[in-house]
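>>> just need the structure, nothing else, for what follows:
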Amino acid sequence: MNAKLLLIGLTAVTVLLSTGCGSNDSNDEKSTQSSEERDFNHIVARPEVLPRLELGHPFLVDLADKIQVPSRVTVDEERTAHIGSYITGRVTDMFVILGDYVKPGQPLARVTSPDLTNSQLAYLRALSREVVTSKAYERARHLLAADAIPVAEVERRQSELEIAQAELAAATDQLRLFGLGDAELKTLNKKRKVLPWLDIKATREGYVIARNVLVGQVVQPSDPLFQIADLSHVWVVGDVPEQIARDVELDQHVEIQVPALNQQLDGIIIFVSDTVNRLTRTVMTRVMVENPERKLKPDMMANMHITDSDHKVLVVPESAVVRELNQDYVFVALTDNEFQRVPVELAKEVANLRPIVNGLTIEQRIVTSGAFHLDSERKLAELE
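Predicted coordinates for the structure are as follows:
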């Protein structure tokens with residue numbers, strides 16, 4: 001009897017415990033289901049929040065995108081001269097250093113050369129021969145007029161004169177190729193004295209930005225010894241991707257950003273290449289920039305900002321956007337006080353506007369101002 005009562009009691013306890021556990025499991029399941037079904041992106045704004053919000057629609061504007069092109073500063077090649085020696089010889093004197101300002105005709109260095117000496121001697125010989133044959137021809141003409149010599153003799157002396165004149169012209173050209181000007185030739189004609197040296201002279205006005213020669217160095221005509229540049233104007237050269245090269249035109253104004261100067265400059269496109277670099281798939285573009293204070297230095301890095309043509313773009317105000325975990329969101333109005341936070345894909349900000357790439361249409365009504373108030377409401381709801 002006692003055993004039966006004990007068995008009945010244990011059975012009752014077991015049933016009660018099972019019922020209790022089942023009830024708890026059911027409540028937990030309902031609680032979990034309720035939590036999972038709750039949408040924290042759906043916000044019902046409190047009455048005190050609504051006056052802080054402004055509603056509107058995405059709208060179309062004419063926008064011109066700015067294309068950023070990595071660039072570099074270079075010298076203006078039309079205002080630059082590479083200067084070398086006209087003759088093979090040894091440098092005996094230097095008259096300038098890097099950074100010097102020079103004018104056309106100013107001596108840069110002095111070179112001595114046996115070739116120069118030999119060419120001057122050849123010139124003097126040709127000059128003397130031309131003088132002698134010229135006088136001989138004139139005498140022959142006078143004698144012919146007096147029937148003292150035959151015509152053949154006059155023709156012979158004329159031929160000798162023409163040969164002498166050709167030799168003198170060739171010797172003169174050789175000296176000019178060596179860099180002798182009219183003043184040096186006039187002095188040589190007058191004094192008949194051979195110059196043992198020749199000055200390398202500046203061919204344009206500007207600053208010496210390169211000097212690749214020292215005293216005692218033997219130089220060749222092919223050696224670039226000096227580079228002189230007018231740095232009051234420089235070029236900024238960039239390689240524009242071929243996909244956007246169609247938006248680049250001559251005489252187009254561009255903005256130049258130079259990180260080293262923390263300064264923005266204006267320039268004008270003066271050259272757009274007609275060919276595409278097949279390795280980089282870019283088109284070389286050249287911009288002229290004024291540089292009166294010479295702050296821009298050759299080989300400085302720069303960024304070229306090219307503005308393309310205007311086109312219609314759907315945008316939202318910057319104040320309509322909230323950002324979380326590298327994702328942009330906008331609040332879409334469902335009713336007067338209900339809103340849904342939706343993810344959107346937006347382009348970079350332009351004049352406090354964000355161009356829409358994906359996620360919104362012009363028909364949708366959104367919060368255009370005060371979006372951060374709604375976002376605060378959403379975050380509070382998550383904490384409850």
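
>>> specify the beta-bridge partners of the residue positioned nearest the centre of the chain.
Centroid check for the chain by Cα atoms, centre = their mean gives residue 71 as the closest residue, at 2.2 Å. Beta-bridge partners for residue 71, by DSSP bridges, are residue 238, residue 302.

>>> same question, residue 271
residue 286.

>>> pretty sure it contacts residue 252?
No: in this structure, residue 271 is not within contact of residue 252 by Cβ atoms under 8 Å, at 11.4 Å. To be clear about C-beta, it is placed using only N, CA and C from the backbone, and glycine gets the same treatment.

>>> so between those two, which is more surrounded?
Neighbour tally, residue 271 and residue 252, criterion other Cβ atoms under 10 Å: the higher count belongs to residue 252, 17 against 13.

>>> which one is that one nearest to, not counting chain neighbours?
Using Cβ to Cβ, 6 or more residues apart in numbering and skipping residues adjacent in sequence, the residue nearest residue 252 is residue 269, 4.6 Å away.

>>> retrieve the pLDDT associated with that neighbour.
At residue 269 the predicted local confidence, pLDDT, stands at 94.

>>> next one: residue 27
Here the pLDDT value assigned to residue 27 is 48.

>>> same question for residue 251.
Residue-level confidence at residue 251 comes out at 90, pLDDT.

>>> what about it, distance to residue 285?
12 Å (Cβ to Cβ, to the nearest Å).

>>> next one: residue 276
12 Å.

>>> now do the shared contacts for the two.
residue 245 (Cβ atoms under 8 Å, 6 or more residues apart in numbering).

>>> more neighbours, those two?
Legend: neighbour count by other Cβ under 10 Å for residue 276 and residue 285, higher for residue 285 (24 against 16).

>>> neighbours around residue 369, how many?
Residue 369 has 15 nearby residues by other Cβ under 10 Å.

>>> all helices for the stretch 51-200 of the chain, in order.
114-145, 151-177, 182-191 (DSSP state H, counting those that start in this stretch).

>>> tell me which of those helices sits nearest to residue 300.
Of all the helices of the stretch 51-200 of the chain, helix 151-177 sits nearest to residue 300, with 38.2 Å by Cβ to Cβ.

>>> next one: the closest one to chain centre, how far?
Distance, stretch centre to chain centre, for helix 151-177: 56 Å (Cα atoms, centre = their mean, to the nearest Å).

>>> what about that helix, average pLDDT?
93.

>>> counting by contacts, list what that helix packs against.
helix 114-145, helix 182-191 (3 or more Cβ pairs under 8 Å, 6 or more residues apart in numbering; DSSP states H and E).

>>> just the CA trace of stretch 127-142, in CSV.
C-alpha atoms of stretch 127-142 as CSV (Å, rounded to 0.1, in the frame of the first residue of the first chain):
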residue,chain,number,x,y,z
LEU,A,127,90.5,83.8,-97.0
SER,A,128,94.1,84.6,-98.2
ARG,A,129,93.6,82.4,-101.3
GLU,A,130,90.3,84.2,-102.0
VAL,A,131,92.0,87.6,-101.8
VAL,A,132,94.9,86.5,-104.1
THR,A,133,92.7,84.9,-106.7
SER,A,134,90.3,87.8,-106.7
LYS,A,135,93.1,90.3,-107.4
ALA,A,136,94.5,87.9,-110.1
TYR,A,137,91.1,87.8,-111.8
GLU,A,138,90.7,91.5,-111.7
ARG,A,139,94.2,92.0,-113.3
ALA,A,140,93.3,89.4,-116.0
ARG,A,141,90.2,91.3,-116.9
HIS,A,142,92.1,94.6,-117.3
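
>>> so for it, what gets flagged as buried?
127, 129-130, 133, 136-137, 140 (16 or more other Cβ atoms under 10 Å).

>>> now that stretch: average pLDDT?
If you average the pLDDT over stretch 127-142, you get 92.

>>> can you list contacts of it?
For stretch 127-142, the external contacting residues (Cβ under 8 Å, 6+ apart) are 149, 153-154, 157-158, 160-161, 163-165, 167-168, 171, 189.

>>> could you dump the residues you listed to a markdown table with neighbour count and distance to residue 311?
Shown next, in a markdown table, are the contacts of stretch 127-142 (neighbours: other Cβ atoms under 10 Å; distance: Cβ to Cβ, whole Å):
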| residue | neighbour count | distance to residue 311 |
| --- | --- | --- |
| 149 | 17 | 92 |
| 153 | 13 | 89 |
| 154 | 18 | 86 |
| 157 | 22 | 84 |
| 158 | 15 | 80 |
| 160 | 18 | 81 |
| 161 | 20 | 78 |
| 163 | 13 | 75 |
| 164 | 22 | 76 |
| 165 | 15 | 72 |
| 167 | 18 | 72 |
| 168 | 21 | 71 |
| 171 | 21 | 69 |
| 189 | 11 | 72 |
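
>>> of the residues you listed, closest to residue 368?
Nearest to residue 368 among the contacts of stretch 127-142, with distances taken as Cβ to Cβ, is residue 171, at 86.5 Å.

>>> who's in contact with the closest one?
119, 122-123, 125-127.

>>> got CSV for these, with distance to residue 354 too?
Output for the contacts of residue 171, formatted as CSV (distance: Cβ to Cβ, whole Å):
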residue, distance to residue 354
119, 74
122, 79
123, 77
125, 84
126, 81
127, 82
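
>>> in this protein, where is pLDDT below threshold?
Judged by pLDDT under 70, the chain has its weakly predicted residues at 1-38, 65, 308-310, 384.
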